[in-house]
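*Asks:* next input, structure requested:
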Amino acid sequence: MTTSWKPSADITTLKRRAQYLADVRLFFAERDVWEVETPILSQSAPTAPYLDSFTTDYMPIGSQTKQAHYLQTSPEFAMKRLLAAGSGSIYQIARVFRNGEQSKKHSPEFTMLEWYRPDLTLHQLIDEVNALMQHVFQFDSIMRLSYRMVFEFFFKLNVHTCSDDEIKHCTLERINSLPDDFETDRDGWLELLMSYVVEPRLAALNCPLFIYDFPASQSQLAKIKHDQQGNAVADRFELYIDGIELANGYNELLDADELRQRFENDNQQRKEQGKPEVKTDENLLAAMESGLPECSGVAIGFDRLLMLVMNQKDIKTVQSF
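*Replies:* Residues are numbered from 1 along each chain as shown. All right, here's what the predicted structure looks like:
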């Protein structure tokens, strides 16, 4: 059996990675955003049905009782507890873990750059992400379109007024690999169109893009607002470069009761999908009840970003191992 002990990235790449990390830290230092560290292990985890956490058992010395713990999929919950405690603007370069994710763009362990700005609106945060992309990573200024505009441009569909059947027909018409009897819900059809049609076209157009004002049903941990046409939308954005989803940002939900309800809905979906339910993070909810400040936050897949900057096709070529 041959064992390869060598790094999956070459040393020159790893030195460039180290320099980018230093440049990111300087970017935030100049904006008075301070770096924090939060635990990798937690007794709770995100409930989102599309996320699967690694689990492990902690057994205190002298005890026969196991306590279930999770490896963090994001430092979000702990960082929000810091915000509620009065931290002000903070960022973290965190190791995160997602079970089952493995491809040229996915790794079960990767680095996430995440930050929160109590003094910025969502569109001001988009400005700051744009500045990071330009000043540190030398991208050109990035275009911005609402989710509605994207679907009108590519599919001539108004996602806020069209029927579920119209979205289904549009999807089956454009994704030939789907069987005619394939079924999913409205957001499932929209996600298929985004992944299999929009993202490849963005890659072909070489068009970096911020997409904002997602359907309200895709709010995740963002506030719901009304757009200029009066449609209920999620006050969040995603960044796509070369057709790759790179960042996800929110005008953060502040209502603990609403978040608890979303967690419960998530767990119901997990149950319906045959997935284990996830313990609700009561510490996060308590922090929110005590007073989470108005804030916007964003998470960026740092390894994916380096892939784009260094023109690499496989995530392992920008990671040490």
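*Asks:* so which elements touch the helix or strand where residue 214 lies?
*Replies:* Take DSSP states H and E as the rule and residue 214 turns out to sit in strand 209-215. Strand 209-215 sits against helix 122-135, strand 143-146, helix 147-155, strand 232-241, with contacts defined as 3 or more CB pairs under 8 Å, 6 or more residues apart in numbering; DSSP states H and E. C-betas here are computed from N, CA, C, even on glycine.
*Asks:* just want the angle from that strand to helix 147-155.
*Replies:* With axes from the mean of the first three to the mean of the last three CA atoms, to 10 degrees defining the directions, strand 209-215 sits at 110 degrees from helix 147-155.
*Asks:* neighbouring strands for strand 209-215, and are they parallel or not?
*Replies:* strand 143-146 (parallel), strand 232-241 (antiparallel) (DSSP bridges).
*Asks:* so what's the gap between the longest one and the chain middle?
*Replies:* In terms of CA atoms, centre = their mean, to the nearest Å, the centre of strand 232-241 is found 10 Å from the chain centre.
*Asks:* contacts for it next, please.
*Replies:* 122, 126, 129, 133, 139, 142, 146-147, 160, 199, 202, 208-220, 222-227, 245-251, 300, 308 (CB atoms under 8 Å, 6 or more residues apart in numbering).
*Asks:* and the next element down the chain from it?
*Replies:* strand 244-251.
*Asks:* need the contact partners of that next one.
*Replies:* Strand 244-251 is contacted from outside by 105, 121-122, 125-126, 129, 199, 203, 220-223, 225, 235-240, 296-301, 304-305, 307-308, using CB under 8 Å, 6+ apart.
*Asks:* over to stretch 271-278?
*Replies:* 44-47, 49, 52-53, 70, 266-267, 270.
*Asks:* now stretch 141-157
*Replies:* For stretch 141-157, contacts defined as CB under 8 Å, 6+ apart pick out 126, 130, 133-134, 158-160, 166-167, 170, 174, 190, 193, 197-198, 201, 207-215, 227, 229, 231, 233, 239, 241.
*Asks:* mark which of these are buried, thanks.
*Replies:* Neighbour-count burial (16 or more other CB atoms under 10 Å) applied to those gives 126, 130, 133, 159-160, 167, 170, 190, 193, 197-198, 208-215, 231, 233, 239, 241.
*Asks:* in the protein, which spans are helices?
*Replies:* Here the chain has its helices, by DSSP state H, at 11-29, 76-84, 122-135, 147-155, 164-174, 186-193, 199-205, 256-272, 282-291, 302-309.
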